[in-house]
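Colleague: the following comprises the amino acid sequence and a computationally predicted model.
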Amino acid sequence: MESKARPARGATHNRESGRFNLPERVADGDWLDDQDAIDGAPPKLRTTVTVETPRTIITRNTSPDIVFDRSINAYRGCEHGCIYCFARPTHAFLDLSPGLDFESKLFAKPDAPVLLRAELAKRGYVVGPIAMGTNTDPYQPIERDWRITRACIEVLAETGHPLMITTKSDRVLADLDLLAPMAAKGLVSVMVSVTSLEPRIAMTLEPRAPSPRKRLAAVRALSAAGVPVTVSISPVIPSITDHEMEHILEAAAEAGAKFAAYIPVRLPFEVAPLFRAWLDAHFPDRAAKVMGIIQAMRGGRDNDPNFHSRMKAQGPWGELLRTRFGIACRRYGLNRSERVPLRTDLFRPPPGRQGELFG
């Protein structure tokens with residue numbers, strides 16, 4: 001469906017954020033395969049996109065328990081609508097709802113490639129892998145029209161800069177012409193999230209994300225093109241998706257993935273009440289059981305925010321998940337070798353400096 005403009009409204013400037021609120025657009029949807037054939041499928045959600053003009057595009061972090069220290073998010077909010085998304089609370093910073101607003105009131109940053117080029121050209125820039133897909137999926141449906149992710153990858157490919165991508169969309173294949181040559185140089189890796197293989201569960205958890213079948217097809221195509229692929233079973237939700245761990249790992253290996261990972265469900269801030277309401281609506285027969293197990297894995301709380309333990313599960317349930325994951329990976333030949341670090345020695349700064357680009 002072609003995007004249509006709403007009745008024009010004058011752009012207004014938010015002095016605090018430096019953001020221009022431009023006329024909104026209706027975004028297209030990348031709806032789950034065969035959704036119409038499943039009874040009770042949710043209606044397509046009407047989404048809007050607002051242009052955002054940040055001053056910088058690379059976000060830095062000093063978190064001691066993640067493998068990257070910088071990231072790029074071409075968009076705010078995510079149309080996929082995953083109920084468990086730990087990034088939902090970030091919409092509250094904009095005085096918007098972490099619920100429906102997060103998945104329907106989207107923000108695009110079309111200046112991202114220019115900003116990226118300027119930041120890479122700065123004197124003293126020290127190269128390190130840039131992560132995409134940390135707070136919002138870089139290949140959510142609106143990327144088809146905006147192509148901001150692709151434009152950023154073009155800059156990284158041109159400069160020989162390493163890149164890590166996390167997505168749950170097969171739309172990543174649209175950029176295979178860029179990713180395959182980067183992979184041949186040791187500059188890129190891709191992580192594809194597969195939470196469930198069951199269409200009904202996937203539709204309920206991630207109502208506007210591509211189907212598990214399409215994601216596994218993307219894993220196969222990426223692997224065949226020489227792009228290192230990790231399949232992430234994230235999040236694992238007890239009594240909802242945990243029984244699928246071995247099946248997902250088997251399917252990942254058959255699709256050509258060499259590595260796998262998992263993270264138990266995380267429920268920070270507003271995500272916890274949203275998730276509880278989702279359980280009551282879709283799994284009322286086991287809602288109390290699910291939350292009981294989650295709290296057992298998280299030291300008696302809905303969420304563990306502490307570094308080093310927030311991505312893991314505690315207690316007997318945590319040990320059970322680790323044991324099952326390890327056995328299945330050995331059975332299907334996953335994680336047999338160490339991941340080869342992405343190369344940083346090929347980086348060449350783009351010509352020009354920030355003053356020249358914007359002056």
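Modeller: Sure, I can see it.
Colleague: lowest-confidence helix or strand of the protein?
Modeller: strand 12-14 (a mean of 33; mean pLDDT, DSSP states H and E).
Colleague: any stretches of the chain with poor pLDDT?
Modeller: Counting by pLDDT under 70, the chain has low-confidence residues at 1-45, 352-359.
Colleague: need the longest strand for it.
Modeller: strand 229-236 (DSSP state E).
Colleague: list the residues that contact the residue nearest to Leu96 when sequence neighbours are not counted.
Modeller: Spatial nearest neighbour of Leu96, excluding adjacent residues (CB to CB, 6 or more residues apart in numbering): Lys105 at 5.7 Å. Backbone N, C-alpha and C define where each C-beta goes, glycine included. Applying CB atoms under 8 Å, 6 or more residues apart in numbering, we find Lys105 in contact with 47-48, 50, 77, 91, 96.
Colleague: buried ones in the helix or strand hosting Glu154?
Modeller: According to DSSP states H and E, Glu154 maps onto helix 148-159. Using 16 or more other CB atoms under 10 Å as the test for burial, helix 148-159 gives 148-157, 159.
Colleague: tell me the one among those residues nearest to Trp317.
Modeller: Thr149 (36.2 Å; CB to CB).
Colleague: is Leu279 in a helix, a strand, or coil?
Modeller: helix (DSSP: H, G, I helix; E, B strand; the rest coil).
Colleague: picking up where we left off before, quick check: beta-bridge partners of the residue nearest to Leu96?
Modeller: On the basis of DSSP bridges, Lys105 is bridged to Thr48.
Colleague: Gly186 versus that one, what's the distance?
Modeller: Distance of Lys105 to Gly186, given as CB to CB, to the nearest Å: 39 Å.
Colleague: and if you look at Ser234?
Modeller: 25 Å.
Colleague: same question for the helix or strand just after the longest strand of the chain: list its buried residues.
Modeller: Using DSSP H and E, the helix or strand that follows strand 229-236 in sequence is helix 245-254. The neighbour-count check on helix 245-254 (16+ other CB under 10 Å) flags 245, 248-249, 251-253 as buried.
Colleague: what is the nearest of those to Gly81?
Modeller: Distances from Gly81 to these, taken by CB to CB, are shortest for Ile248, at 20.7 Å.
Colleague: tell me if I'm right that the closest one and Ile233 touch.
Modeller: Yes. Using CB atoms under 8 Å, Ile248 is in contact with Ile233, at 5.3 Å.
Colleague: give the intersection of the neighbour lists for those two.
Modeller: Val194.
Colleague: that older thread, by neighbours, which of the contacts of Lys105 wins?
Modeller: Gly77 (31 neighbours; other CB atoms under 10 Å).
Colleague: what about the helices in the stretch 51-200 of the chain?
Modeller: In the stretch 51-200 of the chain, the helices defined using DSSP state H, counting those that start in this stretch lie at 100-104, 112-120, 143-146, 148-159, 176-184, 199-205.
Colleague: for the stretch 201-350 of the chain, same thing?
Modeller: In the stretch 201-350 of the chain, helices defined by DSSP H, counting those that start in this stretch lie at 212-224, 245-254, 271-282, 287-297, 315-332, listed in chain order.
Colleague: for Ile83, find the nearest of those.
Modeller: Comparing the helices of the stretch 201-350 of the chain by CB to CB, helix 271-282 comes nearest, at 4.6 Å.
Colleague: elements contacting that closest one?
Modeller: helix 287-297 (3 or more CB pairs under 8 Å, 6 or more residues apart in numbering; DSSP states H and E).
Colleague: kindly provide the distance from Ile201 to Arg330.
Modeller: Here the criterion is CB to CB. By it, Ile201 lies 26 Å from Arg330.
Colleague: let me redo that: Thr167
Modeller: 27 Å.
Colleague: now do the contacts for Leu178.
Modeller: 150, 153-154, 157.
Colleague: cool, and Ile72?
Modeller: Ile72 neighbours (CB under 8 Å, 6+ apart): 57-59, 112, 116, 130-132, 152.
Colleague: Ala288: which of those residues is nearest?
Modeller: Among the contacts of Ile72, and counting by CB to CB, the member closest to Ala288 is Ala131, at 36.3 Å.
Colleague: what about that closest one, neighbour count?
Modeller: 24.
Colleague: for it, give its distance to His247.
Modeller: 28 Å.
Colleague: if we can go back for a sec, of all the buried residues of helix 148-159, which comes closest to Asp304?
Modeller: Thr149 (31.2 Å).
Colleague: can I assume that closest one is in contact with Leu179?
Modeller: No. Applying CB under 8 Å as the test, Thr149 and Leu179 come out as separate, 11.1 Å apart.
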